[in-house]
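>>> can you look at this prediction? I've put the sequence above it.
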Amino acid sequence: MSEKRTFSISELASEFDVTTRSIRFYEDQGLLKPTRRGQTRIFSTKDRVRLKLILRGKRMGFSLAETKETFDLWDETLTGNEKQLLKMLSILDDKRTHIEQQKADIAMAELEINTREAHCREALAELQKKKQQQEKATTEQPEHIQVHS
């Protein structure tokens, strides 16, 4: 079975769970370059991969300008331009550093949440234990019989 080579805008929107408006916006920004048949946009496998990378980059914190710069650099580096490759490596290194910091921040936030949660659970258990002890003490108290002479 041969792999599909072209895609409609609605197929890509459905596959990636985005609106057709978003895809048209990415096209307007120069990130996607579909061919046209009349008014119909025809997206290639390259456009499909780029859309996937746009959305992944968005999740990773890349701005559309950074994504476009990366695409432009990639397109220019196919011939092996050293300057462009070094620029691409620098951008990727900056992103990696930023993501590593985010991961450290998330790990610290998780640690703080876990610590506070453990403290709250301990305090709640202690309160529930005291409440049970009070209820038990109340039900076990002997009645005092007072004798008056």
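Noted; the coordinates are in hand. From a predicted model like this one, the values you see are computed outputs, not experimental measurements.
>>> only C-alpha atoms for contact and neighbour calcs from this point on.
Fine.
>>> give me the residue at the spatial middle of this protein.
The geometric centre of the chain, computed from its C-alpha atoms, lies nearest to residue 59 (Cα atoms, centre = their mean), at 4.8 Å.
>>> list the buried residues of whichever strand or helix holds that residue.
Here residue 59, judged by DSSP states H and E, is contained in helix 45-60. Neighbour-count burial for helix 45-60, with 16 or more other Cα atoms under 10 Å as criterion, is recorded at 47-48, 50-51, 54-55.
>>> just after that helix, pick out the following helix or strand.
Criterion used, DSSP H and E; the element after helix 45-60 is helix 64-77.
>>> what does that following helix rub up against?
With contacts defined as Cα atoms under 8 Å, 6 or more residues apart in numbering, helix 64-77 is touched by 30-31, 54, 57-58, 84-85, 87-88, 91.
>>> can you lay out those as a markdown table showing pLDDT and distance to residue 68?
Rendered in a markdown table, the data for these read as follows (pLDDT from 0 to 100; distance: Cα to Cα, whole Å):
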| residue | pLDDT | distance to residue 68 |
| --- | --- | --- |
| 30 | 91 | 7 |
| 31 | 93 | 6 |
| 54 | 94 | 9 |
| 57 | 86 | 11 |
| 58 | 89 | 12 |
| 84 | 72 | 14 |
| 85 | 76 | 15 |
| 87 | 77 | 14 |
| 88 | 75 | 12 |
| 91 | 81 | 12 |
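>>> can I get stretch 67-83 in PDB, CA atoms only?
Taking only C-alpha atoms (Å, rounded to 0.1, in the frame of the first residue of the first chain), the coordinates of stretch 67-83 have been written out as PDB:
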ATOM      1  CA  THR A  67       9.500  28.100  14.300                       C
ATOM      2  CA  LYS A  68       9.600  30.000  11.000                       C
ATOM      3  CA  GLU A  69      13.300  30.900  11.500                       C
ATOM      4  CA  THR A  70      14.100  27.200  12.200                       C
ATOM      5  CA  PHE A  71      12.200  26.100   9.000                       C
ATOM      6  CA  ASP A  72      13.900  28.800   7.000                       C
ATOM      7  CA  LEU A  73      17.300  27.800   8.300                       C
ATOM      8  CA  TRP A  74      16.600  24.200   7.600                       C
ATOM      9  CA  ASP A  75      15.500  25.000   4.100                       C
ATOM     10  CA  GLU A  76      18.800  26.900   3.600                       C
ATOM     11  CA  THR A  77      21.000  24.300   5.200                       C
ATOM     12  CA  LEU A  78      20.200  21.500   2.800                       C
ATOM     13  CA  THR A  79      23.300  22.500   0.900                       C
ATOM     14  CA  GLY A  80      25.400  22.400   4.100                       C
ATOM     15  CA  ASN A  81      25.900  26.100   4.800                       C
ATOM     16  CA  GLU A  82      28.100  26.100   8.000                       C
ATOM     17  CA  LYS A  83      26.900  29.500   9.200                       C
END
